[in-house]
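Asker: return atomic coordinates for the entry below.
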Amino acid sequence: MTVDALASYTFYLEIDGLTQGTFREGNGFESSVDVIEHRENGRAGQQTVRKLAGNVKWSDITLRRGTTDSLTLWNWHKQVLDGDVQAARKNGSVVVYDSKHSEVARFNFVNGWPSKWKGPDLNATNNQVAVEEITITHEGLVRKK
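Answerer: Okay, here's the model as predicted:
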């Protein structure tokens, strides 16, 4: 049986179980593990390099969407600007839907907070959608589905 690749044209941000809106771009769904090289000498003097797993690192998630009149993302970021990072920490998900609007993938993050918010680039001479951007720093990411 062949499984089709996921289309990424419809995805939502959920914070503490509440949908915060649709987004047009997202990246940073990534983790890596540092490699620790440990050198050992055997009985005959031969050198062996063992590779061990080190610290786990999580990339920040960056989401972009058309600017709306909603201040939800700005207010979330403003908590951090005002020095209340603890209150800004939220668990959330980026949820991907298929063309029938059925959930096909979910990326859950832990203790996320908006480390960057970028407002739209404004230019009255073009006809592009004004886009806002939010960067979410977090302490772990799990793929469900």
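Asker: biggest strand in the protein by residues?
Answerer: strand 103-118 (DSSP state E).
Asker: Val33 contacts Gly54, doesn't it?
Answerer: Yes: Val33 is within contact range of Gly54, at 6.4 Å (criterion: CB atoms under 8 Å). For glycine as for every other residue, the C-beta is placed from the backbone atoms N, C-alpha and C.
Asker: list the helices and strands the following helix or strand past the longest strand of the chain packs on?
Answerer: Scanning forward in sequence from strand 103-118 by DSSP states H and E, the next helix or strand is strand 131-137. Here strand 131-137 touches strand 61-66, helix 72-81, strand 103-118, going by 3 or more CB pairs under 8 Å, 6 or more residues apart in numbering; DSSP states H and E.
Asker: and the residue lying closest to His38 once chain neighbours are set aside, what helix or strand is that in?
Answerer: Once flanking residues are discounted, His38 sits nearest to Arg50: 4.5 Å by CB to CB, 6 or more residues apart in numbering. Taking DSSP H and E as the definition, one finds Arg50 inside strand 47-58.
Asker: between strand 131-137 and that strand, find me the angle.
Answerer: Between strand 47-58 and strand 131-137, the angle comes out at 130 degrees (axes from the mean of the first three to the mean of the last three CA atoms, to 10 degrees).
Asker: flag every buried residue along strand 47-58.
Answerer: The neighbour-count check on strand 47-58 (16 or more other CB atoms under 10 Å) flags Trp58 as buried.
Asker: let's check: the centremost residue of the chain is which one?
Answerer: Ile61 (2.4 Å; CA atoms, centre = their mean).
Asker: right, I'll call it a day here.
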